[in-house]
Every structure is written in structure tokens, then in C-alpha cells.
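Peer 1: what's the 3D shape of this:
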Amino acid sequence: MSQNRERDQKGETIPPSASDSQHVDLVPVGTPIDLDNCAREPIHIPGSIQPRGVLAVVHEPDFAIRHISANVADLLGRSVEAVLGQHLSALIGTEEAARIEKAASTFSDLRQRNPIECVIDVDGELKNFDAILHRDPGRVLLIELEIAYGERPFSFPNTYQAVRGSVEELNRAATLGELYDTAARAVRELTGFDRVMVYRYDAHYNGEVVAEAKRDDLNSFLGLHYPASDIPAQARALYEKNWIRLISDVHYVPAPVVPTVDPDSGTPLDLTYATLRSVSPIHIEYLQNMGVTASMSISLLRHGRLWGLIACHHYDGPYLPPFGARVAAEFLGSTLSLRLVDRFEGDLLQERLAAQALLTKLTAATLDDRESLSAVLLGAPDLLDLVPADGVVVDIQGDHRAQGAVPSPEIVAAVAAWARGAGEEIASCECLADELPDIGLDPQLAAGALALNLPDGQYAIWFRREVLRSVDWGGDPHNKTIAVSEGDELRLSPRKSFDRWREIVRLRSEPWTQSETESAETLRRHLVESLYRRARGALRLAETLQLSLLPESIPELANWKLSAHYEPASGDNVGGDWYDAFKLRDGRLIVLIGDVAGHGVNAAGTMAQLRNALRAQLFAGATPAEALNQLNEFCVHMLPGAFATIIAARVDLDSGQVEAASAGHLMPYLPNPAAPSGNPAVQAPIRLSPPIGIAGVTYTPSTFTVEPGHALVMYSDGLVERRGESIDDGLERLAEILGRSRDVTASWIWSSMAWGNTDDDVTIITLRRSATGE
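Peer 2: Numbers count the residues shown, from 1 in each chain. Below you'll find the predicted structure:
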């Protein structure tokens, strides 16, 4: 039965590696298992085995039996009490025990020696067994004894030929489809299962059947998908360690291991590498619901990580392929894994080479500092050539550009904020609706995004539109549980329907491939280097410009002492501070201090224009207030968007009278070094007006006198601002320092107030009038 429905697919959150399941908080051994807790089931320590064989655990070198499976009487005719604690010979006879001891002591890798063919006396009848050995850390040896039904396949001369022919066929396969089909067909021929499938995982561990070999009368599973929850993470972790698992009869009754807890360590017996390990009752029920009576799985790995499975199903009762056939099938699985890795790495190499050629052209273009980085990235070739998408937005160094189909600026800003919040250099998503459900995304413009997070909130973001696609599931993955009545209780069980169920996937873009993500990461490294190089060049230019505008010298005055100090900001953060001091033709002194908003070349350039314009107006005879009025008109019309704070003072050196005007700057202090120590300095009586850069402002003149022995101290906000405290605290500290010292030179004030690296420039200029008779 085929159902066809439309729904929005919300991707499940799956750990990036199946091996992450070692961190899962497992439920205690013996806890009843259902779908609520099956993802936490400790399946590696089930405490029981499948009864097709006997499990014995011995410790080397004494080979005394420490654990035995309870079915030993059924298969070997020995009681648990007769063999537990005894030498291995009590279980399998002296001759066969000697052979196993010799193999164990001779070979470190027992996997390559399996199986050891044994003949064991069972109630007076000699029977053939395959002994399968596994050594765990701590010199613990697991011995599994399986009855060898029929002839052993490796005694057949055509078995090697069959495996060799299949391997040669895998090597000749030109496409992935041929690889899958060859593997499925070869494993079925070797093992005789009714159905053999190659099952591939996606990035979220949802599986897809990509090849199938089956009985003609069976319906096809080819192309069906299965949700990640069908095989929990801890089960996938075991597949990475033990590459083959057989359930010969889904209706088996588990045989307990006696004792279940190791008497020395007090821990349950770890059966990770045991072929007889009992399996989850939920998985057994899952197989029974599918009508499967026996199954086998072979791991497909890429770089040690689970990539997929070869899954084998049987439907006509129990089925036990001989151990040799299983090993041959496992060998084919390993060969397929190697061929898949070769194919994957080859395809990835071609993509990387093509991307590298584009990256070389893009990065070479970024070396031309005359072009903005945004213009370079959207030139030819552009970012859409490097990472295919429907549109891209770049915001670097204040240059915002877009190419292709992109969402509104508000949506772009929200996606950029989401990407920064991810805390990674690269953020990617194929379903933005999951990450930003409340911003009204148009899936035709922005279903998925790949973002480069660059310094200082800069970014480049690729956008992909929604791609509608249908996915055929083996049963409804969103309703994968049923309730089974057990007395007065209800228990959650696996779904029973595996009919083809079609889902229309919405709100998702094409996924971002590994190659595309790697290209974006490489590009980001080049962009960060280019931004740093350009920032260093701009910083050197700003430093040179700013220092060139500071006075080379300040006037030497009779009866007055003039001093200045400039301290650049730490961390390559050139600001817009400046000071100036010069004498007019009539002998009066001009003293200026200013601070332009911003940092870098722009701030330094604005500062240069304001400083020169103000200097010219004052030299021409304008009062400080008149000069600020004219400067403000100049700034509003010629430098829109610029802001600056300024104190301008004109001093009569004979009388000490000062004409001053303030444009939003911090008030100067009038300390009296000759006064008794301990009284804080007072601020100069200057009327405060708004900063330069605001239309319609009139600057108010103020006058006061610097008395003999007193001083005028002007400074920028970098002197009194400290991270984590109010500027008022800094002003009080400065007033106290100025009130308890007779030295008010600019360098002394800096050394008294300095507290480490500053985030802003510090500028200080002081003018002290000599005391009478000094």
C-alpha cells in the first residue's frame, strides 16, 4: 500500500558519530526495555546469549572457566556446576583444550585464526564445533562454541573462487550503483539469505536502501528510507567495533550467562565482540513485525566510522549460515568499504581541486588593496562560483553588497546574528525555519544558509532556496510507535507497518557538502589574513596622519609653563584626539583640545580638517565661541555625519584672563598647586554647548581668570574613563590628584592617572601661571 502525504520535515538531532553513544547515560541492567528507554539500553552487557552456541569465558594463563552460558547442558551435555571454575578441558576435552591454549598463547590477533575446528564428545557422540576466540583487555578470553552444521564452506574449492570473483567485480565497478549491486548479489550468493540490502546512512543517520538482491516473490525495499531511531546510537557504536552480527532465530529464548557479574570486578560481562551476544528485545520485536525470522548485518565503515550496513533478511524460519560463509561475507563488506572510500575520496579530490583553482583566483584578487574586499568577492570569479547557491550577501569593512536572489536586509541581519550566536567560524543550516521560526522566512529566498563569521561582526552569507523532494519511507517515521496491551498496562513497541509511505519534504535547501564547507573555511582564513593586513596598513596611515598633525613644539612663555602629553590607545586603535597651542600676532595664546568620534583613518582625516579649519579661524581673529560656530557650520555642510568635542581657549598672558568655549567636551580643571594639599581641584566656569556636527547650535562664550600660581588643565575622556566604572569616578579621582600635588605638568598627570592599557587615546595639555615672586 502506498500513501502520499505532504508534511514539513523537521530533522532529528543525531550525534555526529555513532561512537558518541559511549557517553549515553545507560539504564541499569535488568531494566524493562521499551521505546521510551531503548536508546539507553546497555546492549553490550545483556547478560545472555543466543542459544545456537555455548559461551565460555576463561582467564589466561590458567584457563579456568569464570563464566559459562546456561545452555551448556543442552548443547554439550555438561552441567553448569560441573564446568564453572574448572579448567577448559572439563568443557571440551583435554585434546581440544590444548589446541585452544596453544592458539591463544601463539597468536595475539585471534580474529585471524577463527574458527578453530573442534570435535567434542557430547554424551558419547562426537560432534563438530567451530570455536571462535576473542581476547578482551585483562587476559580475558571469550570462547564461543557453535555447532558446525553441514560441510565447512572453506573446504569447498569454489568458495575462494566465488569471493575472488566478487572482489574483482567490485574493483571493476565504474559507479557507486554498480558497487552496491555487486556487493548485495555476492553476499546473497555466499550466505543464502532471502533478501540482502545495502543500506546507506545520511548525515543524520537516517538510512536508505540503495541496492537489493532478493527472492523473486518478495516485494522490493529498494529506495525506501528508515529513520535514525530504528538503529539507536549505542547500536551503531557496536557496529563500528564488531563488524558482523547474526540473529539465526528471532524467536530464540536467551541463555543466561552464569554468573552475569564478574566475581573480581563486580561488573557485568562485556559481550561487545561476542558473535552470540543476545540482542535488544525491541530489535527482535522490530524484526518480527517485518516478518523476518533470521537476520545478519555487516558493517560498512569509512575511516572507522559507520557509513552503512549490508543487511540480510530471511523469512522461512531460523537460518544459520556457516561461520566460514559469514567471514567471507564480512570480507566482501570490508572490500566494499575500501572501494567506497576510494570512490568518495576520489570524487572529493576532484571537487577540492576545482575549488582550489577558484580560491587561488579569489585570494589573489584580495591582494589589491585598491579594491574593496566585497567588490573582489563578487567580481569574476565570485562567491557563487566557489559555493553554488541562489544568492550571497557580503558585509566587509562597511561595504555591503549582494548578488543573486537574497532575502530582505532584516532577514539577512537576523541570519547574521544567528550565525554569530553559533559561536563557530562557520555556521551552516539547510533548514533555517528550524533555527529562526519567528522571522517570516520566504523559503523561495532563504531555506538554507552558509555563513562566514568574520571579525567585528563582518560576514559573508550564502543563501539557498527551498528544494521540494519526496522521500519514500518504510512505514510512517513520524508514527513509529504502537501501544501493546500487557495486562493493565500499555507498553510502547516498534511500528508494525512497513508499507511504502511517501513524504514531501518542505522548507529545506540542498545540503551543504563537505567540499563546499571546506572551501568556505579556507576562504575565511584568507579573508581574515587580508583584513588584518589591510587593517595594519590603515593603522600605520592613521598613526602617521595623526602624529603629523600634533604640534612639533609648543611655545615657551615668560611667567607661564605650558606642557602637553599624548598617549595613543592600546591594541592598534588609533583615535581622533588632538591638541594645539600657538601665539597670536598680538601676543595672546591659543590652547585647543579636541576629540573626533571614531577610530582609524576616517577619524584621523576628520580630525585633520577640523583642526586646520579651527586654527585658521582663530588666527584670523575670531573669538573661541565664534570660531566654534563657524567650525560647526563647516562640519555640518562639508563633513556630514562627523562629530567632535572641543575646548577652545584664548589666554591674555599679561592679565591671565581666558576667553573660552566648549563644544561638548569635558570641563577643564583650575588647580592651585600653591594651596594647602588635600582640597580637590575645581572645574573651570565654562558654559557647555553640544558637540560639533549638530545643525542649529550656537556656542556660548565664557570668561574667567587664571590667577598667579594657578593652572588650567585640559584633557580628553581617555584619561578618566575606565572599563567597569562610571566616568564620574574618574573625574573625582583626577580632581583629588590635582588637589594634592604642586606638580601639574601633563606627563605627571598621565603617570598619576595611568592604570594600564587604555581603550582610547589620552591627551593632556596644561598651562600654569607663575606665582607672584616665583
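
Peer 1: next one: stretch 139-151 to chain centre, how far?
Peer 2: With C-alpha atoms, centre = their mean, to the nearest Å as the basis, stretch 139-151 stands 45 Å off its chain's centre.

Peer 1: mind listing the strands in the stretch 151-300 of the chain by residue range?
Peer 2: Along the stretch 151-300 of the chain, the segments classed as strands by DSSP state E, counting those that start in this stretch run 195-201, 207-214, 225-226, 244-247, 255-258, 294-302.

Peer 1: Can you flag the weakest of these by average pLDDT?
Peer 2: Mean pLDDT across the strands of the stretch 151-300 of the chain is lowest at strand 225-226; the value there is a mean of 80.

Peer 1: For the strands of the stretch 151-300 of the chain, state which one has the densest average packing.
Peer 2: Compared across these, strand 195-201 shows the largest average neighbour count, a mean of 24 (mean count of other C-beta atoms under 10 Å). For the C-beta atoms, the positions are set from N, CA and C on the backbone; glycine is no exception.

Peer 1: any idea of the mean pLDDT in the helix or strand hosting Leu306?
Peer 2: Element membership of Leu306 [criterion: DSSP states H and E] is strand 305-314. The average pLDDT for strand 305-314 rounds to 90.

Peer 1: CA atoms of it as CSV?
Peer 2: Output of strand 305-314 as CSV, limited to C-alpha atoms (Å, rounded to 0.1, in the frame of the first residue of the first chain):
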residue,chain,number,x,y,z
ARG,A,305,33.0,5.5,11.2
LEU,A,306,29.8,3.7,10.3
TRP,A,307,28.8,4.6,6.8
GLY,A,308,26.1,1.9,6.3
LEU,A,309,25.2,-1.8,6.5
ILE,A,310,24.8,-4.8,4.4
ALA,A,311,21.5,-6.1,5.9
CYS,A,312,20.4,-9.7,5.3
HIS,A,313,16.9,-11.0,6.0
HIS,A,314,15.4,-14.5,6.0
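
Peer 1: orientation of it relative to strand 207-214 in degrees?
Peer 2: Angle, strand 305-314 to strand 207-214, by axes from the mean of the first three to the mean of the last three C-alpha atoms, to 10 degrees: 40 degrees.

Peer 1: Give me the contacts around strand 305-314.
Peer 2: 17-19, 183-184, 187-188, 191, 193-201, 207, 210, 236, 239-240, 287, 290, 292-301, 329, 332-333, 336-337, 340 (C-beta atoms under 8 Å, 6 or more residues apart in numbering).

Peer 1: ok, then the element right after it?
Peer 2: Per DSSP H and E, the first helix or strand lying C-terminal to strand 305-314 is helix 323-365.

Peer 1: For that following helix, what is the distance to the chain centroid?
Peer 2: 23 Å.

Peer 1: could you say what helices and strands it packs with?
Peer 2: On a contact count with 3 or more C-beta pairs under 8 Å, 6 or more residues apart in numbering; DSSP states H and E, helix 323-365 meets helix 157-172, helix 176-191, strand 244-247, strand 294-302, strand 305-314, helix 373-377, helix 383-386, helix 514-549.

Peer 1: give me the number of residues near Thr645?
Peer 2: Neighbourhood size, Thr645 [other C-beta atoms under 10 Å]: 21.

Peer 1: For whichever strand or helix holds it, name the packing helices and strands.
Peer 2: According to DSSP H and E, Thr645 maps onto strand 644-651. Strand 644-651 is packed against strand 589-596, helix 600-619, helix 624-638, strand 657-663, strand 711-715, with contacts defined by 3+ C-beta pairs under 8 Å, 6+ apart.

Peer 1: Next, the buried residues of the second one.
Peer 2: Buried residues in helix 600-619, defined by neighbour count with 16 or more other C-beta atoms under 10 Å: 600-611, 613-614, 617-618.

Peer 1: can you list the domain ranges for this protein.
Peer 2: Under automatic domain parsing, the residue ranges defining each domain of the chain are 366-468+506-538, 550-769.

Peer 1: Quick check: mean pLDDT of the first one?
Peer 2: If I follow you right, that is domain 366-468+506-538. So the average pLDDT for domain 366-468+506-538 ends up being 88.

Peer 1: before we move on, what about the longest one?
Peer 2: Mean pLDDT, computed over domain 550-769, is 88.

Peer 1: what's the span of that domain, first residue to last?
Peer 2: Using C-alpha to C-alpha, to the nearest Å, the end-to-end distance of domain 550-769 comes to 23 Å.

Peer 1: Pull the distance from it to the chain's centre.
Peer 2: 49 Å.

Peer 1: now swap in stretch 214-229 and tell me
Peer 2: On the basis of C-alpha atoms, centre = their mean, stretch 214-229 sits 35 Å off its chain's mean C-alpha point.

Peer 1: tell me which residues of it are tucked away?
Peer 2: Across stretch 214-229, burial judged by 16+ other C-beta under 10 Å covers 214, 221-222, 224-229.

Peer 1: what would the residues you listed look like in a markdown table with distance to Val58?
Peer 2: Formatted as a markdown table, those follow (distance: C-beta to C-beta, whole Å):
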| residue | distance to Val58 |
| --- | --- |
| Lys214 | 42 |
| Phe221 | 42 |
| Leu222 | 46 |
| Leu224 | 45 |
| His225 | 45 |
| Tyr226 | 40 |
| Pro227 | 41 |
| Ala228 | 39 |
| Ser229 | 38 |
